[in-house]
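Novice: Pasting the sequence and the predicted coordinates here, then a few questions.
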Amino acid sequence: MLKVQKKHAEKEYGESQTKEKTLDNSKMNQPEINSLLDLRNLSVYYGNHQAVKNVSMPIEKNKVTAFIGPSGCGKSTLLRTINRMNDQIPIAHYDGEINYDGVNILNQDIDVVALRKEVGMVFQEPNPFPKPIRKNITHALKFMGMNKLNMNEIVETSLQQAALWDEIKDRLDDSALSLSGGQQQRLCIARALALQPNVLLLDEPTSALDPISSAKVEDLVMELKQHYTIAIVTHNMEQAARISDNTAFLYNGDLIEFGNTSDLFTNPKEKRTEDYISGKFS
Ligand SMILES: Nc1ncnc2c1ncn2[C@@H]1O[C@H](COP(=O)(O)OP(=O)(O)OP(=O)(O)O)[C@@H](O)[C@H]1O
């Protein structure tokens, strides 16, 4: 629950509905899903252009949900809407709801800074601050007003969670830019984890990495889902099949198919899904 929104949620939905909900997911041919986020009739526009069209789907708690589909189909737009990053684009606007633990996070009175603390994001290109490794973590905490915490402990814990501690524990005061691309990306994940989010949004986090670094980030994602709810955009079908539990296939802004990843990849219900995953178009 977004702390700043608790009162709002209680007023709008009633206390009983602010607890976790189990979706009736029969229309998606899925067993019951324990969703943390629930997208309902979500449409996103850039000016007059509709990039995401009336999408409804759950994002399951402590699972990895992959967004796949051809270039320009709206994957990143959908992901960025979940922590309101699109608010930074003046022509972007949206309709519909994203319910997060009983709160519609698209409400205008949501505290987006608090939201982004709970719903962290990691981008395609590793983007550490040009500062020492340690400061990449502490700077994020101070920026979020969390400067009373035990910084050394959080630095160590978040780097351990990001499977980076053993590699860099003796060089915490070196510049983050001295790390390899794969290490920089894991540092960016550690930086997001330091804020103790519930959800991690990963926008093609391995597309700029070599195969070995990509494999480390994939292993990390599999590990992290024990504690976090993860949504990932990927162009890599093998990656989606390897690491995700649920997959959403988007085409031209429409959600064509959503379901359990192994079912969707082995027995797609829609012809367009089958054509896409079998490489007939990209
Ligand atoms: N800042 C923006 N301003 C205007 N239009 C945008 C903006 N960002 C994205 N779009 C448009 O929205 C549509 C969806 O783009 P989006 O980046 O979400 O797709 P994508 O599936 O993530 O693509 P890719 O796989 O190539 O990254 C595209 O038509 C794109 O041109």
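Specialist: Thanks, I have it.
Novice: Contacts only, for residue 131.
Specialist: For residue 131, the contact set (C-beta atoms under 8 Å, 6 or more residues apart in numbering) comprises 139, 175-176. For the C-beta atoms, the positions are set from N, CA and C on the backbone; glycine is no exception.
Novice: phi, psi of it?
Specialist: phi -140, psi 170 (degrees, to the nearest 10).
Novice: going forward, begin numbering at 865 instead of 1
Specialist: Let's use 865 as the start, then, which means that last one is residue 995.
Novice: model confidence over stretch 1085-1105, on average?
Specialist: Averaged across stretch 1085-1105, the pLDDT comes to 95.
Novice: Contact residues of this protein facing the ligand?
Specialist: 910, 913, 915, 933, 935-941, 953 (C-beta under 6 Å from any ligand atom).
Novice: and the contacts of residue 995, which of them are in helices?
Specialist: residue 1003 (DSSP state H).
Novice: Buried ones in the helix or strand where residue 1006 lies, by neighbour count?
Specialist: Here residue 1006 is covered by helix 997-1007, with elements defined by DSSP states H and E. For helix 997-1007, the neighbour count (16 or more other C-beta atoms under 10 Å) marks 997-1002, 1004-1005 as buried.
Novice: And the contacts of the next helix or strand after that helix?
Specialist: From helix 997-1007 onward toward the C-terminus, using DSSP H and E, the following helix or strand is helix 1015-1025. Here helix 1015-1025 makes contact (C-beta under 8 Å, 6+ apart) with 998, 1001-1002, 1005, 1029, 1032-1033, 1036, 1051, 1054-1055, 1057-1058, 1088.
Novice: Just the CA atoms of stretch 1082-1093, as PDB, please.
Specialist: Extracted in PDB, the C-alpha atoms of stretch 1082-1093 (Å, rounded to 0.1, in the frame of the first residue of the first chain):
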ATOM      1  CA  GLU A1082      18.700 -13.300 -15.800                       C
ATOM      2  CA  ASP A1083      19.900 -15.500 -12.900                       C
ATOM      3  CA  LEU A1084      19.400 -12.400 -10.600                       C
ATOM      4  CA  VAL A1085      15.900 -11.800 -11.900                       C
ATOM      5  CA  MET A1086      15.000 -15.500 -11.100                       C
ATOM      6  CA  GLU A1087      16.400 -15.100  -7.600                       C
ATOM      7  CA  LEU A1088      14.800 -11.700  -6.900                       C
ATOM      8  CA  LYS A1089      11.200 -12.900  -7.700                       C
ATOM      9  CA  GLN A1090      11.200 -14.600  -4.300                       C
ATOM     10  CA  HIS A1091      10.900 -11.200  -2.800                       C
ATOM     11  CA  TYR A1092       9.800  -8.800  -5.500                       C
ATOM     12  CA  THR A1093       7.100  -8.600  -8.200                       C
END
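Novice: Give the buried residues for that stretch.
Specialist: 1082, 1084-1085, 1088-1089, 1092-1093.
Novice: Give me the residues contacting it.
Specialist: 900-901, 923-928, 1025-1027, 1050, 1053, 1057, 1061-1064, 1066, 1069-1070, 1094, 1096, 1103, 1106-1107, 1109.
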